[in-house]
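Q: how would this look folded up:
(2 chains)
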Amino acid sequence: MSAVRIHVPPVRLAKLLRTPGGLPVADAIRRAGAGLESLRGECLTELKGVLDSAESCAARGGAQYDRALLDELYTIVATPIGIPSVCGLASVDTALISLSDLLDYLKGQERWDANAVAVHLAQAGTQAILAGLRKVSQRYARPETPTA
Amino acid sequence: MGLNPESRARFNLERASVLMLEESTMGMSILVQILTGFGAKTLHRCETVEEAQATIQKVEVDLVIADALGAEGEGYDFIKWLRQSRIEPNCFAPVLLTAGHTPRDAVSKARDCGAHFIMAKPLTPIAVLERILWISKEGRRFVECDSYMGPDRRFKNEGVPAGTLGRRRDDMPAEVGQAETPNMDQDVIDGLLKTRRVEL
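A: Numbers count the residues shown, from 1 in each chain, chains lettered A, B, ... in the order given. Below you'll find the predicted structure:
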């Protein structure tokens, strides 16, 4: 049995959070939301690139199991998880998570299933991203409302 | 938890030093927007484990937000390194680990790395703030032993696992021994539970 030491270290962050000043929760959430909103266009462009890379990587897959290819595809699709939701495309996030699960499962089974991967990529797919990109460009195309 | 997003309660992150480990540029931008929205000003952005380790050795950090970093989970290894580094006070810093996807063979690594909380992406401002406030609570016990160093992962005490003696000084044996003092009278127990009018 190993020796166990249990103690309560001081947490400086707790004291800092309590210092006077700072922000009300509501304002902080609103400011963070506005910051994320400003990333929307950039996120969509990045996402489009990611899905293009994923499709070309998956297309290189033959009939046989290829561990290196699966690892590469897993990295491509798992890394951007979280970005689609910032663009209001939560369904794309769901598809990326599901595809990561599938690839993880395929790695475990040492199998390759091109159809299952293709279905996921179509679901995550470019249509949703393009729709998002269109929304962003339309927002900029709208005439500015005159200010009083 | 359940933080009200309309709450006017204040918190102050202005003087907190935050280390962020995130390899994806967009992932980093998302985190930066959330934290600057919260008022944080000192952000140490690290894209690799090596950068994060160098930062830990140079500056004092109050909060670490690290991504799991890919299928191999280098982010988990970084947290384990941080805990075992003995670089005080950084090795005790609250750690929020984020992960887009956790492969099955990395689940135990994620559980045992010593993070305070693991958050699944996508990140939302309210969820991140809730977790920051939660992990920064004082009084959390820290466990150090050969196989684990990090915050106490026990949230409820269900006793020692069956067939074991327990490893802690305050662990109680599963078998209840003989009472050392007489039982309380039923009248005394009733008296303790009886509702009484309070005169002010």
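Q: wait, what's in contact with B:E22?
A: Counting by Cβ atoms under 8 Å, 6 or more residues apart in numbering or on different chains, B:E22 touches B:28, B:31, B:45-47, B:65-67, B:98. Quick note: C-beta positions are derived from backbone N, CA and C, even for glycine.
Q: Tell me where chain B has helices.
A: B:25-37, B:49-58, B:74-84, B:107-112, B:125-135, B:186-193 (DSSP state H).
Q: how about the ones you listed in CSV, adding mean neighbour count, distance to A:A68 and mean pLDDT?
A: What follows is the helices of chain B, written out as CSV (neighbours: other Cβ atoms under 10 Å in any protein chain shown; distance: least, Cβ to Cβ, whole Å; pLDDT from 0 to 100):
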stretch, mean neighbour count, distance to A:A68, mean pLDDT
helix B:25-37, 21, 24, 96
helix B:49-58, 16, 22, 97
helix B:74-84, 22, 18, 95
helix B:107-112, 14, 22, 85
helix B:125-135, 20, 35, 95
helix B:186-193, 9, 68, 81
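Q: Using CSV, lay out those helices together with distance to A:A114.
A: Below are those laid out as CSV (distance: least, Cβ to Cβ, whole Å):
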stretch, distance to A:A114
helix B:25-37, 28
helix B:49-58, 34
helix B:74-84, 29
helix B:107-112, 27
helix B:125-135, 36
helix B:186-193, 68
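Q: can you give me the helices for chain A?
A: For chain A, the helices defined by DSSP H cover A:12-18, A:25-37, A:40-59, A:67-78, A:83-86, A:90-109, A:114-124, A:126-141.
Q: most neighbours per residue, which of the ones you listed?
A: Greatest average neighbour count among the helices of chain A goes to helix A:83-86 (a mean of 25), per mean count of other Cβ atoms under 10 Å in any protein chain shown.
Q: Mind checking the pLDDT average for that helix?
A: Over the span of helix A:83-86, the pLDDT mean works out to 91.
Q: residues in contact with B:L129?
A: By Cβ under 8 Å, 6+ apart, B:L129 lies in contact with A:25, A:28-29, A:32, B:3, B:11, B:38.
Q: check contacts around the closest residue to B:P94 other than its chain neighbours.
A: Leaving aside its chain neighbours, B:P94 sits nearest to B:I135 (4.2 Å; criterion: Cβ to Cβ, 6 or more residues apart in numbering or on different chains). Neighbouring residues of B:I135 by Cβ under 8 Å, 6+ apart: B:94-96, B:116-117.
Q: hmm, try it at 7 Å
A: B:I135 sits next to B:94, B:96, B:116-117 when contact means Cβ atoms under 7 Å, 6 or more residues apart in numbering or on different chains.
Q: Nearest to chain A among the residues you listed?
A: Chain A lies nearest to B:P94 out of the contacts of B:I135, by Cβ to the nearest Cβ, at 5.7 Å.
Q: For the chain, give me the ranges with low pLDDT.
A: Because you didn't say which chain, this covers chain A. Within chain A, the stretches with pLDDT under 70 are A:1-2, A:126-148.
Q: The intended chain is chain B.
A: Across chain B, the ranges flagged by pLDDT under 70 are B:1, B:155-157, B:174, B:196-200.
Q: now the strands for it?
A: Along chain B, counting by DSSP state E, strands occupy B:10-11, B:17-21, B:42-46, B:63-67, B:95-99, B:117-120, B:142-144, B:149-151.
Q: Which one of the ones you listed lies nearest to B:D105?
A: Comparing those against B:D105 with Cβ to Cβ, the closest turns out to be strand B:95-99 (13.7 Å).
Q: Put the alpha carbons of that closest one into PDB.
A: In PDB, the C-alpha atoms belonging to strand B:95-99 read as follows (Å, rounded to 0.1, in the frame of the first residue of the first chain):
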ATOM      1  CA  VAL B  95      -7.100  22.800 -14.100                       C
ATOM      2  CA  LEU B  96     -10.000  22.700 -16.500                       C
ATOM      3  CA  LEU B  97      -9.400  20.100 -19.200                       C
ATOM      4  CA  THR B  98     -11.300  20.400 -22.500                       C
ATOM      5  CA  ALA B  99     -11.800  17.600 -25.000                       C
END
